[in-house]
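> Here is my input; please provide its structure:
(one chain, ligands or ions: 1)
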Amino acid sequence: MHNHWLSIGVSSCGLQLRRTLMARLQWRTFNSNGRHRVVVTKPLVGENWLETLLAADCRVDQCLSERILSRAELRDAIGSRCDGVVGQLTEPWDEELFRALKSAGGKVYSNVAVGFDNVDVSAATRHGIAVGNTPGVLTETTAEMAVALTFAAGRRLVEADAFMRAGKYKGWLPTMFLGKLFYGKTLGIIGAGRIGSVYALTMARGCHMDVVYYDQFQNEQLERKVRETGSLYQQLGERCISIRRAETVEELLEAADVVSLHTVLDASTRHMINNERLRLMKKDAVLVNCGRGPLIDERALVQHCREHPDFRVGLDVFENEPKMAPGLASLPNVVVVPHIASATVWTRTGMSTLAAANVAGIIRGDPVWNQPDVLAFVDAPSVAAMPRAAPSIVNAKELGLPQYKQMSRL
Ligand code: GLV
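The predicted structure follows:
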């Protein structure tokens, strides 16, 4: 494996400042004589992603710098020859970049993320470029972070930890750090897809909470699981749990003690939690967001938290990442973490592998995997044992890409 450090060439045009910034980026190249060229815009986790690309005879140019790449830097990285890109949710993959990728001979772009609101999929489709994402390995990991933020916010863990470390604890008091009990309360889920459902089941089963969910589709599986758990609890003489689907977001917000957001970000969900809707919530409710920052009007949230000190919030994502709205960081009733809901070694290794497999698969002309279970890729004992398919291409249908057919075992 070829593994040397180099700087990607700086285009002759552009401002001096841009040149300086570009020159500061650190890149490394693997397999410099590879048949296809793939740009990887950030350090990834594990080794499988790299082996996957090398097995498809790709030259891999990987940016090692932590700084978020600008559109101009991405265009320069694509250059005049690029077959595919493994990119990040922090990058603006729009018409301009897909046009550049197409002119460079590109066929595929994959986010290392399940969400792809940073990608203009219609533009990619117009240019005949496949867009990949990485579902199936983040579900439990992200749901567990939402659970962690629920408890951290509701039980004031960060405030109490800071208090201890500051040497302020002088002895037990009945009045210190009173928080919220979840047992037997009502849990509200906005978006009952995979992550929302696992979060709902973990909280409802663990804390015997009743579930109310809002989603455009009925989730019969989630309803059945909650009802069956409820029957079991009843048989055991424990508190039964229930589930119902709310007709409106407002109905859910009024009823719930905890509200967790698990819906996609699009024009219809941007600022779905705004000033008016915050006012409908219980004054001591807990609000958790591990979805996308712009689901919440963050300025309105700051104001609401100032006015209602018992209202508690756990945020993994922010409206203008990496920035926080003015005042958010100084609110004691808000717990903030830097978009790490999917950050476990297994999940990030899996996401890196799936993104690379999307790119390698399309470059090789493989069909598209058509099952939600992607463990055949991430748990394969070797790259050679992975299915010959691109695991998750979101515009496969629009591009008319062939579907993977399971070989029948005789
Ligand atoms: C992370 O936010 C993701 O969408 O995977």
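> check contacts around the residue of the stretch 301-410 of the chain found nearest the ligand.
For the stretch 301-410 of the chain, the residue closest to the ligand is Ser342, as judged by C-beta to the nearest ligand atom, at 5.3 Å. Every residue, glycine included, has its C-beta placed from N, CA and C. Going by C-beta atoms under 8 Å, 6 or more residues apart in numbering, Ser342 touches Ala113, Val114, Leu138, Thr141, Thr142, Met145, Arg348, Met351.
> what's the answer for Ala384, then?
With contact taken as C-beta under 8 Å, 6+ apart, Ala384 is in contact with Ala55.
> Tell me the confidence at it?
Looking at Ala384, its pLDDT is 95.
> Kindly report the same for the one 5 residues further on.
Looking at Ala389, its pLDDT is 97.
> For the residue of the stretch 301-410 of the chain closest to the ligand, which non-adjacent residue is closest in space?
Distances taken as C-beta to C-beta, 6 or more residues apart in numbering place Leu138 nearest to Ser342, at 4.5 Å, with adjacent residues excluded.
> Kindly provide the distance from that neighbour to Val258.
Distance, Leu138 to Val258, using C-beta to C-beta, to the nearest Å: 21 Å.
> how is the protein carved up into domains?
In terms of domains, the chain is parsed into 4-137+344-399, 139-336 (source: automatic domain parsing).
> Which one of these has the poorest average confidence?
Of all these, mean pLDDT reaches its minimum on domain 4-137+344-399 (a mean of 92).
> Whichever residue of the stretch 151-300 of the chain sits closest to the ligand: how many residues sit nearby?
For the stretch 151-300 of the chain and the ligand, the shortest gap (C-beta to the nearest ligand atom) falls at Arg292, measuring 7.4 Å. By the criterion of other C-beta atoms under 10 Å, Arg292 has 24 neighbours.
> what's the answer for the one 5 residues further on, then?
The local packing of Asp297 (other C-beta under 10 Å) involves 21 other residues.
> just to revisit the earlier point, go ahead and confirm the residue nearest to Ser342 touches Met351.
Yes - contact criterion C-beta atoms under 8 Å: Leu138 and Met351 qualify, at 6.9 Å.
> Name the residue in the two with the higher neighbour count.
Between Leu138 and Met351, counted using other C-beta under 10 Å, Met351 has the larger neighbour count: 29 against 24.
> pretty sure that one is touching Gly136, no?
No - using C-beta under 8 Å as the test, Met351 is too far from Gly136 to be in contact (9.6 Å).
> Shouldn't Gly188 be within a helix?
No - counting by DSSP: H, G, I helix; E, B strand; the rest coil, Gly188 is located in no helix; its state is strand.
> quick one: contacts for it?
By C-beta under 8 Å, 6+ apart, the residues touching Gly188 are 211-214, 246, 252-253, 255-260.
> beta partners of it?
Gly188 has the following beta-bridge partners by DSSP bridges: Val212, Val259.
> circling back to that earlier point, need the domains of the chain in a markdown table (columns: distance to Lys405).
Output for those, formatted as a markdown table (distance: least, C-beta to C-beta, whole Å):
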| stretch | distance to Lys405 |
| --- | --- |
| domain 4-137+344-399 | 7 |
| domain 139-336 | 25 |
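> Pull the distance from the longest helix seen in the chain to the chain's centre.
Ranked by residue count and defined by DSSP state H, the top helix of the chain is helix 345-364. Here the centre of helix 345-364 is set off from its chain's centre by 15 Å, with C-alpha atoms, centre = their mean, to the nearest Å.
> Quick one: list the elements packing against that helix.
Here helix 345-364 touches strand 36-40, helix 48-55, strand 58-63, strand 84-87, strand 108-111, strand 130-132, helix 375-378, going by 3 or more C-beta pairs under 8 Å, 6 or more residues apart in numbering; DSSP states H and E.
> just so I know, which of those lies nearest Gly400?
Of all the helices and strands packed on helix 345-364, it is strand 130-132 that lies closest to Gly400, at 10.8 Å by C-beta to C-beta.
> Okay, buried residues for the helix or strand that comes right after the closest one please.
Helices and strands here follow DSSP states H and E; after strand 130-132, the next one along the chain is helix 139-154. Within helix 139-154, the residues scored as buried using 16 or more other C-beta atoms under 10 Å are 139-154.
> cool, stretch 162-180 as well?
In terms of neighbour count (16+ other C-beta under 10 Å), stretch 162-180 has its buried residues at Gly179, Lys180.
> So what's the gap between that stretch and the chain middle?
On the basis of C-alpha atoms, centre = their mean, stretch 162-180 sits 34 Å off its chain's mean C-alpha point.
> who touches Thr185 in this structure?
Actually, residue 185 is Lys rather than Thr. Lys185 sits next to Cys207, Met209, Asp210, Asp257, Val258 when contact means C-beta under 8 Å, 6+ apart.
> Which ChimeraX command selects the buried ones in the residues you listed?
To isolate the buried ones among the contacts of Lys185 in ChimeraX, judged by 16+ other C-beta under 10 Å, type:
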select :207,209,210,257,258
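> Enumerate the residues of the stretch 251-400 of the chain near the ligand.
Residues of the stretch 251-400 of the chain that fall close to the ligand, judged by C-beta under 6 Å from any ligand atom: Ser342.
> Please read the previous query as pertaining to the stretch 1-150 of the chain.
Leu89, Ala113, Val114, Gly115, Leu138.
> State the number of residues packed around the first one.
Think Leu89. Neighbour count of Leu89, defined by other C-beta under 10 Å: 18.
> my guess is it contacts Ser110, does it?
No - Leu89 is beyond contact range of Ser110, at 11.2 Å (criterion: C-beta under 8 Å).
> show me the contacts for the residue lying closest to Val137 once chain neighbours are set aside.
Leaving aside its sequence neighbours, Val137 sits nearest to Gly350 (C-beta to C-beta, 6+ apart; 3.5 Å). By C-beta under 8 Å, 6+ apart, the residues touching Gly350 are Thr134, Gly136, Val137, Val374, Phe377, Val378.
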